[in-house]
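Chemist: would you be able to build a 3D model of this:
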Amino acid sequence: MVTVSDEQRTPAEPLVLVQDVDVVFGAQHVLRNVNLTLPRGQTLAIIGESGCGKTVLMKTMIGLIQPTRGHVYFDGADINRMSEQELSYQRRRLGFVFQQAALFDSMTIGQNVAFPLIQHTQQTMAEISEIVFTRLAQVGLPDSVVTKKPAELSGGMRKRVGLARALAMNPELMLYDEPTTGLDPIMSDVINELMIGTRDREHVTSIIVTHDMKSAMKVADRVVMVFPVGRLAAGESQVIFDGTPDELEQAAEPRVRQFTRGEAGERLMEMRRQGLSSRAFLQ
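Modeler: Here you go, the predicted model:
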């Protein structure tokens, strides 16, 4: 198994290292020459418009998608060289909060949270039950929800159950895919506070893919913005911003400012130019 011993590991070594990564699906180039370092303990927000490759980048960072070119190292080990069995073992160190919670509809809430523990540990049902109640309490849910089905809960409650399930295995790396999508402003801030509390209490490294600028600014230590490959200049880096939330607010790059402020002017002009080009092609 490709692993790194405690003796080989250094405190300065990043948890995730992305080197010269391309991801291509058929004729579609989604990621191009991406380089990224994620230090241990950092909360990284990946922002960018729809279709720019944010979720693909996150999934590539943890081996759910194999890069077409380049390398990804997790805890010093090259993911490209791992077998499916080795990747499965490493993924036990991750907690994934999906965009729509991705709970099992046929299971109760208690069974959903217990699922990874039953699948991957040898703990007794009494021990698993204790973890389930503890994790649900940490995300602000009462004991009474354990017997309910996901359909009986609100969207915000389902998101919190998803977080409780992700925490069940005491992960080293937490992954959040659009954690506040579809929630009202108050519940969005509840999720933000839960992410901050998780980071501070569990001392985990975190990656957040989001369109929610308030969430990114509040929760992240560092923000990376990626841009669609098809609209980059030749040789231009796909990562057009990499810095702190404070630096993001002061960014001079026009594309960054337009995205963070929600200004559509330049993008509308670009879409109109594309429409005119397409019309000319069809004539």
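Chemist: use CA for all of it now, contacts and neighbours both
Modeler: Noted.
Chemist: check which element follows the helix or strand where residue 199 lies along the chain.
Modeler: According to DSSP states H and E, residue 199 maps onto helix 185-202. Per DSSP H and E, the first helix or strand lying C-terminal to helix 185-202 is strand 205-209.
Chemist: packing partners for that next one?
Modeler: strand 43-47, helix 54-61, strand 173-177 (3 or more C-alpha pairs under 8 Å, 6 or more residues apart in numbering; DSSP states H and E).
Chemist: average pLDDT for the second one?
Modeler: The pLDDT scores in helix 54-61 average 92.
Chemist: which ones are touching residue 158?
Modeler: 101, 103, 150 (C-alpha atoms under 8 Å, 6 or more residues apart in numbering).
Chemist: low-confidence ranges in the stretch 151-283 of the chain?
Modeler: Where the stretch 151-283 of the chain drops to pLDDT under 70, the residues are 264-283.
Chemist: can you pull out the helices in it?
Modeler: Secondary structure of the stretch 151-283 of the chain (DSSP state H, counting those that start in this stretch): helices located at 155-167, 185-202, 213-219, 245-249, 254-261, 265-282.
Chemist: and residue 75, which of those helices is closest to it?
Modeler: Closest approach to residue 75 among those is made by helix 185-202 (17.9 Å; C-alpha to C-alpha).
Chemist: I figured residue 148 hits residue 111, correct?
Modeler: No - the criterion here is C-alpha atoms under 8 Å, and residue 148 misses it with residue 111 at 9.8 Å.
Chemist: ok so, going back, pick the most buried one from the helices and strands packed on strand 205-209.
Modeler: Sort the helices and strands packed on strand 205-209 by mean neighbour count, taking mean count of other C-alpha atoms under 10 Å, and strand 43-47 sits at the top with a mean of 25.
Chemist: what helices or strands is that one leaning on?
Modeler: strand 205-209, strand 222-226.
Chemist: pull up the pairing partners for the first one, direction included.
Modeler: Strand 205-209 has these partner strands in its sheet, going by DSSP bridges: strand 43-47 (parallel), strand 173-177 (parallel).
Chemist: of residue 148 and residue 111, which one has the most company?
Modeler: Neighbours per residue, other C-alpha atoms under 10 Å: of residue 148 and residue 111, the larger number sits with residue 111, 21 against 14.
Chemist: contacting residues around the strand or helix carrying that one?
Modeler: Using DSSP H and E, residue 111 falls within helix 109-120. For helix 109-120, contacts defined as C-alpha under 8 Å, 6+ apart pick out 92, 103-104, 123, 128-129, 132, 145-150, 161-162, 164-166, 168-169.
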